[in-house]
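In: Have a look at this fold, sequence not included:
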């Protein structure tokens, strides 16, 4: 992809603080971090979304992300490292690894709702139809 | 793990709205969804965290999650499906798949910060030492 900012980082046309690189994946610092050490892991081949990436690419990148989670937790003395794939930011499949701290003043997760009586069963059936 | 709530769901000792099941993984509805259709994907074997799971388990579960993302997006008419591993909620490795809508009144991501001059380079060096 000619215009893709992440492809340009891979090709070295845009600078980035690279953390890890092999034949399949590249990890580098997000320039606007949720917390310092916030890292993006991307496949070197361009796939717009995770859903578009072949199984073997998904396997490689998440195995890489697992290793980097440990590294980032240790290096940044984080309480935990959150992994997140958003799917609507930069259109080159990427994983966010975010060092988090119990006192970083952000909620751990999104607010949760309650299902109405019977709604859970209906939703499960609806999803299973599409499987 | 005797006391693990997810292990009890796998054994059928606690009911759950199951979406998908095979020899390695189970997917079921989160009972307190961020949005309806919010699904948890777990390995059948107990690993406290993603970091503790072997590479082949990580590969299997994220390949399964990728397929379910597409299904959930379609079934729930979601604008996108966010994937998230938090790492400090239930201590049995699990992936959240959350149907999201542009009008669901939640931010797409956590607030982002700026690095001070030179800080990015220092952080990258620090992480690479631990690799």
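Out: Received, thanks. Just so we're clear, the structure is a prediction, and the values are computed from it rather than from any experiment. Numbering: from 1, shown residues only, chains lettered A, B, ... in the order given.

In: Mean confidence (pLDDT) on the helix ranked longest in chain A, please.
Out: Longest helix in chain A, counting residues (DSSP state H): helix A:55-75. Averaging pLDDT along helix A:55-75 yields 98.

In: ditto for stretch A:123-131
Out: Here the average pLDDT along stretch A:123-131 is 94.

In: Which positions within it qualify as buried?
Out: Buried positions in stretch A:123-131, judged by neighbour count with 16 or more other C-beta atoms under 10 Å in any protein chain shown: A:123, A:124, A:126, A:127. C-beta here means a position set from N, CA and C on the backbone, and glycine is covered the same way.

In: Distance check, the residue nearest the centre of chain A against residue A:87.
Out: In chain A, the C-alpha nearest the mean C-alpha coordinate belongs to residue A:95, at 1.8 Å (C-alpha atoms, centre = their mean). Shown here: residue A:95 relative to residue A:87, a distance of 11 Å by C-beta to C-beta, to the nearest Å.

In: all strands for chain A, in order.
Out: Secondary structure of chain A, counting by DSSP state E: strands at A:18-21, A:25-29, A:39-43, A:80-85, A:95-100.

In: do you know which of these lies nearest residue B:20?
Out: strand A:80-85 (18.6 Å; C-beta to C-beta).

In: and the angle from that closest one to strand B:80-85?
Out: 150 degrees (axes from the mean of the first three to the mean of the last three C-alpha atoms, to 10 degrees).

In: counting contacts, what elements does strand A:80-85 pack onto?
Out: helix A:55-75, strand A:95-100, strand B:80-85 (3 or more C-beta pairs under 8 Å, 6 or more residues apart in numbering or on different chains; DSSP states H and E).

In: closest one to residue B:18 among these?
Out: strand B:80-85 (18.4 Å).

In: Partner strands of that closest one, with direction?
Out: strand A:80-85 (antiparallel), strand B:95-100 (antiparallel) (DSSP bridges).

In: Dump those to a markdown table, plus mean pLDDT and distance to residue B:40.
Out: Converted to a markdown table, those look like this (pLDDT from 0 to 100; distance: least, C-beta to C-beta, whole Å):
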| stretch | mean pLDDT | distance to residue B:40 |
| --- | --- | --- |
| strand A:80-85 | 96 | 14 |
| strand B:95-100 | 97 | 6 |
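
In: and those as JSON lines, adding distance to residue B:79?
Out: Below are those laid out as JSON lines (distance: least, C-beta to C-beta, whole Å):
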{"stretch": "strand A:80-85", "distance to residue B:79": "15"}
{"stretch": "strand B:95-100", "distance to residue B:79": "6"}
